[in-house]
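Engineer: just the structure for this:
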Amino acid sequence: MENHRFCYQENQFWGECKPCTIKVFNSIVNSAEVALKICTRQEIESAIAQGQPLDKWLQRKDFQEFCQKQENNPKTRTSFLQLGPQQRLIQWVSSLKMSLPCFIFGASGFDLQTVTDKEENPVLDRNGKPKKKRLRKLTGIHLSGLFMFDGDHLPMSPREVFERTQVPGFPWRLRLAHATSSGHGLRLVCEARPELGNIADNQICLARELGLMGMVGTTGKPVVDDSCIDASRISYACRREDIYFIDEENLFNIND
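Structural biologist: Numbers count the residues shown, from 1 in each chain. This next block holds a predicted model:
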C-alpha cells in the first residue's frame, strides 16, 4: 500500500477517515469540482463586498437546487424563507465550503469505533452487528507529528506571510503552505516541535514568529485561528494553484 502520513475525509459530516496518500491528495487538489466550489465562493463573496449584481449566481441551477432543499427541510424552511437573495447566497457559499473534501494533518489514523445514533445507541449493519468506522474523534487518534496553523482574513497577501517562512533560520520544518478557500487566508502545515509543548503552544510560537499574534483581520476578528488546537481538526481542500510550497517527501512519509 502507498505510504501515507495523515488522513482525509470525502465529507466532514459523514465521511470515514481514510489514509491520504500522495495520489489521493493530488486527485483532490486537481479536482475540477473542488476548483469550481472555491472559485464560486470567491466570486460571490467578492461581488457582495463590491456591491455588484448577483443575478448571475441567483439564476444558477445548483443554487436554485440548494434553495429548494432548504425550503423542503422542516428544520430550515421557516428561517430560510425569511432570507433575502443575498443572505441565501451567503448560506450557499458556506455550504460549498463545508462540502469540500478535508484533510486531517494531525492524525495518521483513527481506531475503528462503533457508530451510534442521536441517542447513542449502536447502529447495526445488515447482519445485525454494530457498525464500525474510523471516526474523527480524539479517542483512538494516532498522531502524525504534524500541526496545522491558520491565518484567517489577513490584511495583507497570504503569500507575503508565507514568504516569512522562507528566511534563513526559520525554526519550523514547513511541509505545506497554501492560500485557503476564501483567498484571504494562509494555511501552514509544519512538523511539531515537542520541546515547545503541545499543538496550541506550537501555534502561539509560530504566530509570534510570523508577526501575526494579536493582529486583527479584515473581518475585525483576530487573524490567528485558535480553533485548530487539536490533532483531529479538519483542513478544507485547496486548489493546486493555491499551493505556495509542498515538501512531498516529508509530508507523506516519516523519514526521521
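
Engineer: could you use CA atoms for every contact and neighbour count after this?
Structural biologist: Will do.

Engineer: all the strands of the protein, in order from the start?
Structural biologist: 4-9, 18-21, 102-104, 107-110, 112-114, 132-134, 141-143, 146-151, 174-179, 186-191, 235-236, 243-246 (DSSP state E).

Engineer: and the ones you listed: which comes nearest Cys205?
Structural biologist: Closest approach to Cys205 among those (Cα to Cα): strand 146-151, 10.7 Å.

Engineer: quick check: angle from the closest one to strand 186-191?
Structural biologist: 160 degrees (axes from the mean of the first three to the mean of the last three Cα atoms, to 10 degrees).

Engineer: need the contact partners of strand 146-151.
Structural biologist: Strand 146-151 has contacts (Cα atoms under 8 Å, 6 or more residues apart in numbering) with 105-107, 185-192, 199, 203, 212, 223-225, 228, 231.

Engineer: try 7 Å
Structural biologist: 105-106, 185-192, 199, 203, 223-225, 228 (Cα atoms under 7 Å, 6 or more residues apart in numbering).

Engineer: cool, and stretch 212-232?
Structural biologist: Under Cα under 7 Å, 6+ apart, the answer for stretch 212-232 is 104, 106-107, 136-138, 143, 148, 150-155, 199-200, 207.

Engineer: among those, name the buried ones.
Structural biologist: Burial by neighbour count, judged by 16 or more other Cα atoms under 10 Å, picks out 104, 106-107, 136, 143, 148, 150-154, 199-200, 207 from these.

Engineer: bridged to Gly151, which residues?
Structural biologist: Gly151 has the following beta-bridge partners by DSSP bridges: Leu186, Val224.

Engineer: end-to-end on stretch 241-248?
Structural biologist: End-to-end distance for stretch 241-248, by Cα to Cα, to the nearest Å: 16 Å.

Engineer: now stretch 148-168
Structural biologist: Start and end residues of stretch 148-168 are separated by 21 Å (Cα to Cα).

Engineer: pull the distance from that stretch to the chain's centre.
Structural biologist: 17 Å (Cα atoms, centre = their mean, to the nearest Å).

Engineer: pLDDT (mean, whole number) over it?
Structural biologist: Averaged across stretch 148-168, the pLDDT comes to 94.

Engineer: format the strands of the chain as CSV; extra columns: distance to Arg88.
Structural biologist: Shown next, in CSV, are the strands of the chain (distance: least, Cα to Cα, whole Å):
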stretch, distance to Arg88
strand 4-9, 27
strand 18-21, 33
strand 102-104, 24
strand 107-110, 35
strand 112-114, 37
strand 132-134, 34
strand 141-143, 37
strand 146-151, 27
strand 174-179, 26
strand 186-191, 27
strand 235-236, 22
strand 243-246, 30
